[in-house]
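Undergrad: Model the following, please.
(2 chains)
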Protein chains: 2
Amino acid sequence: MADAITQRATNYAQWYLDIVKEAGLADNSDVRGCMVIKPTGFALWEKMQKALDGLFKSTGHVNAYFPLFIPMSFLAKEEQMAEGFAKECAVVTHYRLKAEPGKPLHVDPAAELEEPLIVRPTSETIIWNTYKKWVQSYRDLPLLINQWANVVRWEMRTRLFLRTAEFLWQEGHTAHATAKEAEEETLQMVRVYQKFAEEWMAMPVLVGPKTDGQKFPGAVYTLCIEAMMQDGKALQAGTSHFLGQNFAKAFDVKFKDQSNKEEYAWATSWGVSTRLIGGLIMTHSDDNGLVVPPRLAPTHVVIVPLGKNDAERGPSIAAAEKLAAELRALPRDDFFGYEPISVKIDTMFDKQPGFRYAEHEVRGVPVRVEIGPKDIEKGACAVARRDVPGKEGKQFGIPLPGAAEHISKLLRDIQASLFARAKTYRDANLVTANTLDEFKALFPVEKDEGGTTGGLKFVLAHWDGTRETEDRVQAEYKATIRCLPFDGPQESGTCIFTGKPSARKVVFARAY
Amino acid sequence: MADAITQRATNYAQWYLDIVKEAGLADNSDVRGCMVIKPTGFALWEKMQKALDGLFKSTGHVNAYFPLFIPMSFLAKEEQMAEGFAKECAVVTHYRLKAEPGKPLHVDPAAELEEPLIVRPTSETIIWNTYKKWVQSYRDLPLLINQWANVVRWEMRTRLFLRTAEFLWQEGHTAHATAKEAEEETLQMVRVYQKFAEEWMAMPVLVGPKTDGQKFPGAVYTLCIEAMMQDGKALQAGTSHFLGQNFAKAFDVKFKDQSNKEEYAWATSWGVSTRLIGGLIMTHSDDNGLVVPPRLAPTHVVIVPLGKNDAERGPSIAAAEKLAAELRALPRDDFFGYEPISVKIDTMFDKQPGFRYAEHEVRGVPVRVEIGPKDIEKGACAVARRDVPGKEGKQFGIPLPGAAEHISKLLRDIQASLFARAKTYRDANLVTANTLDEFKALFPVEKDEGGTTGGLKFVLAHWDGTRETEDRVQAEYKATIRCLPFDGPQESGTCIFTGKPSARKVVFARAY
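TA: Next comes the predicted model:
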């Protein structure tokens, strides 16, 4: 309940965890760093999966599935990747336990694997090892393949959805005959992520390349989408990598081109994960609980029939059921992924109305309909939108005939309005620092994580393009370069940290 | 191509592997026992998932996600389970690799886990360890949860889809306040599997309990669906377990009932896996390749425009595109999961028509439409159904106006007809052995796996109900008791193996 939720202004980090708990999204498990995604949280992920999968398929991709385990020698073949992931690998070394009488269950020392297997932290190596068998000629290209899977990275500091040892994601892995085509794919997919973030999650994002210091291990360059959370911190929400011929060379994936010349294939990979659920929460939710954009809401509408006794409740329930049926019967369309509007009827008559409303608010149901005896008299209902809490968001006297269409339209309005609000917030907090003093003032040391509702901002500033300066800024201000935004200012200038020439302004932020 | 497929009568086991390969369903990977599910195979699995998921949700279940890793001590808590799975566990013992200069990448000995983690072979233990936190009162029950996941069982002899070290599956795990409710759930879910097998896979199944000797480790009893493959062998295609209070006791999951008395919760679990794809192949496919029931077909219709030159091809292509658009625009309905009919147009004009037809046959597209210059003259097309190869299954002169509706109806006919054919075959090969001699004749030693197209049968016979007899029959005839079918003969008699009393006839078969 709302009482159980820490206010954002008091402790933003705790507010986040309270939302996750009270909305029933996830739990920590007894396995270090691994979470349990609870039914409501998983329903959100299913909605995300469906929308993303549709976008991938409409851009020509197909799904496949590759092994969970990666032989250690595969990882070793691509040096940057081995270095990048070695420190966080879960390693399978044995294939059998032994249950001996009188002894506790134990690992069977006689069943050691000849070669250790890594639980995939990402699948480039095992997939390119497979592509070797699939690619001989330019006719076999492009391969446009996506995988929905679990991956494991042994993170030491974890936080539900945002950073967990095991997480769920999708990873696209494509192979192309030319660098140009692979680069177009890399760009296309980051734009697909932008579309999903903005049109489904209602979460505006900056799009652009990472610096060399922040790119994916094994990539030539990495494009990303970066979102601003309500505390002003950045969340890297999706990445798309141009991998050049690195993996083709590591796994010897060659093809004969049209002139019968042998060449290595060109690669991309791109992924988003259950981390997006954390981003969704921190973009829209408020002190009353979760707020979910309608296109991703597992339940779109909850109808709350009211009444003091059975005589009063009967007509309220009947009207609720009629309206629910009308909502479900509305024509299906692309906006809701050709699924019917999802409606629940709340029959918790043993609780006070205020308790019931708060319950649905905590869980983020976009629209609540109330039908009581007075409404029945007027043939009407009250309709409350979750994104505007309190009286301001509640309309009384909506006639029951036509209410279904009214609510369907309202759901679309809420989607648009959540995006507009988030974009206004983001734009208002994307500022420029023209001097080091300005920069310092924007990243004060005391505004560290676990702290307040922020006041942190995305800061555009000139940077000399060196890894050295980037590292120093990170060490001193805990701010990293989030990206070189495609849509940001492109003019050259002077680095505010070193006075050296700067090709363009980049975006600094503290980040999750 | 068809030439590459071993005929069933020559070598049934090789025929199966040829289908998997030539239809592009899966590959062995370089990781022992793990398969790569290729795009066409995965598209089949996605269709299965969608249909099953709909059936689970319509029976009140929700999805969630639990950790991949299970602490070894959890497995140890349920003795039958520990014994049942100890021998095939992949064990994670370390959480870091080390990339040292001059040395090959290696496991970091300093990063050994305090407690080994098992890669889940099934999730009862980790889930019931979680349920402990979720269940306090009868109001928290029932929990009706399903998980889609990968699991690992270190099998020594593997075969694509049928038995692999890693496989994909769903596992339902429910908790109830009473034994009666849990038993009803166990039965409901095996009936859901039957419905899916028969109405989507067009694969008839026997339904009933396993013997104690064949039940799931940790179950009180196991219900199953058993399907007959074309070689007369049985495939266990799905299981639903009544777990009693075994896991509640192992993980201390207690609740207060309505009279405030503490009781352990009652459990079920149930699962089907990518093994179903193997069952699908071996139920319907033929010597020309894969045959897929339309409700699970990734591509329902392929249209093959024909023509010797551009002048001839132009009108054929135009007609193909028009028909494709009409097919895709047909009203969506439950039969195809509210998805549009999936249509591809084959433009391989550089190949002979026969090659093109064979290609689609190998891949199991249910309906092929041919449109050539002569058809265009008549305003018609030819329509071939995959389930009836050759001339018999091909209709000429189907008028293009109305062809979409004709094909939509044909797809439904094919679905029904595949089921009818498989059921006729199964029923014809379900026989009774009234004496040991009859039984011996039905399970000759030479008809072993890897062999011929079978002639093997499902055999109803009286059995004395003992594990001893069951084990002896398995050792001597390689036949196991598949189930005690609900819908089989129920009268008592005399065991054909021992002459002892038998409560009822049971079904013996050789099995995958």
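
Undergrad: can you pull up the bridge partners for the nearest residue to A:Tyr65 once chain neighbours are set aside?
TA: Sequence neighbours aside, B:Ile37 is the residue nearest to A:Tyr65 in space, at 4.0 Å (criterion: C-beta to C-beta, 6 or more residues apart in numbering or on different chains). C-beta: built from backbone N, CA, C; applies to glycine. When bridges are called by DSSP bridges, B:Ile37 pairs up with A:Tyr65, B:Ala26.

Undergrad: so who does B:Ile37 touch?
TA: A:Ala64, A:Tyr65, B:Leu25, B:Ala26, B:Trp45, B:Leu168, B:Thr274 (C-beta atoms under 8 Å, 6 or more residues apart in numbering or on different chains).

Undergrad: Equivalent analysis for A:Gln80, please.
TA: So A:Gln80 contacts A:Pro217, A:Gly218, A:Asn246 (C-beta under 8 Å, 6+ apart).

Undergrad: For it, which three-state class applies?
TA: helix (DSSP: H, G, I helix; E, B strand; the rest coil).

Undergrad: What separation do you get for it and A:Arg295?
TA: 37 Å (C-beta to C-beta, to the nearest Å).

Undergrad: before we move on, what about A:Val192?
TA: 16 Å.

Undergrad: what does A:Thr174 give?
TA: Taking C-beta to C-beta as the measure, A:Thr174 falls 27 Å from A:Arg295.

Undergrad: so how many other residues sit close to A:Phe216?
TA: 23 (other C-beta atoms under 10 Å in any protein chain shown).

Undergrad: So what's the residue count around A:Val20?
TA: Neighbours of A:Val20 (other C-beta under 10 Å): 25.

Undergrad: show me the contacts for it.
TA: Contacts of A:Val20 by C-beta under 8 Å, 6+ apart are A:Ala26, A:Gly41, A:Leu160, A:Phe161, A:Ile281.

Undergrad: so what's the fourth one closest to, chain neighbours aside?
TA: So the one you mean is A:Phe161. A:Gly278 (3.7 Å).

Undergrad: Other residues contacting the helix or strand containing the one you found?
TA: Here A:Gly278 sits within helix A:275-284, counting by DSSP states H and E. If you take C-beta under 8 Å, 6+ apart as the criterion, helix A:275-284 is touched by A:16, A:19-20, A:25-26, A:41, A:44-45, A:48, A:159-163, A:167, A:197, A:201-203, A:227, A:229-231, A:235, A:237-238, A:290-293, A:296, A:387, A:418, A:422, A:512.

Undergrad: Repeat that for stretch A:41-48.
TA: Stretch A:41-48 is touched from outside by A:20, A:23-26, A:37, A:161, A:168, A:196, A:200-201, A:274, A:276-277, A:280, A:292, A:295-298, A:337, B:62-65, with contacts defined as C-beta under 8 Å, 6+ apart.

Undergrad: so how far is that stretch from its chain's centroid?
TA: Offset of stretch A:41-48 from its chain centre (C-alpha atoms, centre = their mean, to the nearest Å): 11 Å.

Undergrad: Can you name the residues that contact the closest residue to chain B within the stretch 301-450 of chain A?
TA: Nearest residue of the stretch 301-450 of chain A to chain B (C-beta to the nearest C-beta) works out as A:Tyr338 at 6.1 Å. Taking C-beta under 8 Å, 6+ apart, we find A:Tyr338 in contact with A:Arg332, B:Arg332, B:Tyr338.

Undergrad: and if you look at A:Trp148?
TA: A:Gln49, A:Asp53, A:Asn63, A:Leu168, A:Trp169, A:Gln170.

Undergrad: quick one: which helix or strand includes it?
TA: strand A:143-152.

Undergrad: Tell me the helix or strand right after the lowest-mean-pLDDT helix or strand in chain A.
TA: Using mean pLDDT, DSSP states H and E, helix A:79-85 stands out as the lowest-scoring helix or strand of chain A, at a mean of 92. Counting by DSSP H and E, the element after helix A:79-85 in chain order, helix or strand, is strand A:91-94.

Undergrad: Now do that next one: everything it contacts.
TA: A:69, A:72, A:107-109, A:111-113, A:116-119, B:90-97, B:107, B:116, B:119.

Undergrad: and chain A, what are its domains?
TA: Taking automatic domain parsing as the reference, chain A has its domains at A:2-284, A:299-413, A:430-509.

Undergrad: so which of the ones you listed gets nearest B:Gly402?
TA: Distance to B:Gly402, taken as C-beta to C-beta, is lowest for domain A:299-413 among those, at 25.4 Å.

Undergrad: So what's the gap between the closest one and the chain middle?
TA: 29 Å.
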